[in-house]
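Student: Next input, structure requested:
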Amino acid sequence: RVLEAPDGHAAEDLADRYPEDIQLVVTDVVMPGLCGRQLADSLRKRIPGVPILFTSGHSDEALVNHGIEQGTEAFLQKPFTPHLLLTKVQHLLPD
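Tutor: As a prediction, this is how the structure comes out:
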């Protein structure tokens, strides 16, 4: 089951309503309102240990400016294939 949120604040609301249902979060790094890093920090307080997969089509500099360092977080550079997304998700989810 996928819960979809149009922005970071709506994602926080979903996390408050369905904390037991959220097993993985996929978020863009650069978003209006809450950036991906802010959302991840907020959701990790609500759902400790939840895996976060960041995505972005921006440059490395823009990622660092938004608090993401490639190699230290689960990350997919856009564009990516469905197969690569599936592989990342399988890696992040517990067996």
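
Student: any idea which helix or strand carries residue 74?
Tutor: Assessed by DSSP states H and E, residue 74 sits inside strand 74-77.

Student: Given that strand, what are its sheet partners and their directions?
Tutor: strand 52-56 (parallel) (DSSP bridges).

Student: what's the distance between the closest residue to residue 32 other than its chain neighbours and residue 38?
Tutor: The shortest distance from residue 32 to any residue other than its chain neighbours is 6.8 Å, reached at residue 7 (C-beta to C-beta, 6 or more residues apart in numbering). C-beta coordinates here come from the backbone N, C-alpha and C atoms, glycine included. Distance, residue 7 to residue 38, using C-beta to C-beta, to the nearest Å: 11 Å.

Student: Between the two, which has more neighbouring residues?
Tutor: Ranked by neighbour count (other C-beta atoms under 10 Å), residue 7 and residue 38 place residue 38 first, with 16 against 13.

Student: Can you list the low-confidence ranges for the protein?
Tutor: Within the chain, the stretches with pLDDT under 70 are 59-72.
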